[in-house]
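Q: dropping the sequence and predicted coords here.
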Amino acid sequence: MSRIGKQPVAIPAGVKVSVASNLVKVEGPKGKLELVSHPQMQVSYDEGTKAIRVVRPADDRLNRSLHGLTRSLIKNMVEGVVKGYEKKLLIEGVGYQARMDKKAVVLTVGYANQIRKDPPEGVTVDVADPTGKALKPGDPGTLIIVRGADKQKVGQFAAEIRASRKPEPYKGKGIRYENETVRRKEGKSFTSGG
């Protein structure tokens with residue numbers, strides 16, 4: 001049984017925290033994030049130990065699940081404003097590429113038209129070549145790097161980019177996460193029947 005909710009969230013140096021009723025604000029070198037916690041969860045910040053604690057009022061199922069969730073969300077916020085989050089996507093396929101147009105990423109992935117994706121506020125996108133070397137704005141590349149302080153926004157935007165052309169199982173063409181393995185299928189084999 002998980003005891004995640006009971007662990008305090010340690011606040012590193014250089015991070016400002018304010019807790020007012022159900023609103024938790026965290027500010028650090030990578031940005032500011034806010035969370036409105038569930039009304040039943042009691043979130044408190046201890047200045048002496050520099051830690052945030054989440055307390056649940058009862059042991060019923062809903063409160064137990066909200067307890068761990070609230071603590072995990074706060075921990076992700078603290079980690080996001082200190083280190084930030086990053087997702088890398090690779091583009092595979094002949095002629096498939098991405099390029100930057102101001103802040104938006106423009107994908108050329110085998111459709112008649114290019115796909116333009118505008119990142120949400122607080123998320124930045126870079127296009128690089130497969131070695132990871134950054135490119136000039138407008139130059140095409142096959143590696144997309146999505147960065148931001150909010151883990152949910154980074155993951156969501158990376159998923160939207162991947163969904164614009166999911167990898168297909170025969171040749172592996174499409175957009176996939178850097179460490180994702182695509183299950184390959186064998187194509188039809190033609191043998192001469194006797």
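A: The structure has been received and is ready for your questions.
Q: quick one: the helices in this structure?
A: Here the chain has its helices, by DSSP state H, at 61-82, 151-163.
Q: any residues touching the last one, and which ones?
A: With CB atoms under 8 Å, 6 or more residues apart in numbering as the test, helix 151-163 has contacts from 76, 79-80, 85-87, 89, 105, 107, 117, 119-120, 122-123, 125, 144, 146-148, 175-177. Quick note: C-beta positions are derived from backbone N, CA and C, even for glycine.
Q: that older thread, closest one to P140 among the helices of the chain?
A: Closest approach to P140 among the helices of the chain (CB to CB): helix 151-163, 15.1 Å.
Q: taking the contacts of helix 151-163 one by one, which sit in strands?
A: Judged by DSSP state E, the contacts of helix 151-163 include 85-87, 89, 105, 107, 117, 123, 125, 144, 146-148, 175-177 as members of strands.
Q: now the residues you listed: which count as buried?
A: 85, 87, 89, 105, 107, 117, 123, 125, 144, 146-148, 175-177 (16 or more other CB atoms under 10 Å).
Q: could you identify the most distant pair in the residues you listed?
A: Farthest-apart pair in those is Y85 and L107; separation 21.3 Å (CB to CB).
Q: what stretches of this protein score poorly on pLDDT?
A: The chain contains residues with pLDDT under 70 at 1-2, 132, 134, 137-138, 192-194.
Q: report the central residue of it.
A: Nearest to the mean C-alpha position of the chain, counting by CA atoms, centre = their mean, stands G155 at 2.4 Å.
Q: measure that one to L143 for me?
A: Using CB to CB, to the nearest Å, G155 is found at 18 Å from L143.
Q: list the contacts of the nearest residue in space to Q97 that is not next to it in sequence.
A: With CB to CB, 6 or more residues apart in numbering as the criterion, Q97 has its nearest non-adjacent residue at 3.9 Å, and that residue is P140. P140 makes contacts with Q97, A98, R99, T108, V127, as judged by CB under 8 Å, 6+ apart.
Q: can you rerun that using 7 Å?
A: Q97, A98, R99 (CB atoms under 7 Å, 6 or more residues apart in numbering).
Q: quick check, the second one in contact with E92.
A: Pointing back at A98 there. No: applying CB atoms under 7 Å, one finds A98 not in contact with E92, separated by 11.9 Å.
Q: follow-up on the earlier one: most surrounded residue in the contacts of P140?
A: A98 (26 neighbours; other CB atoms under 10 Å).
Q: got the contact list for it?
A: Going by CB under 7 Å, 6+ apart, the list of residues near A98 reads I91, V105, V106, L107, V127, P140, G141, I144.
Q: nearest residue to the fourth one other than its sequence neighbours?
A: Here the nearest residue to L107 in space, its sequence neighbours aside, is I115; by CB to CB, 6+ apart that works out to 4.3 Å.
Q: understood, closing this out.
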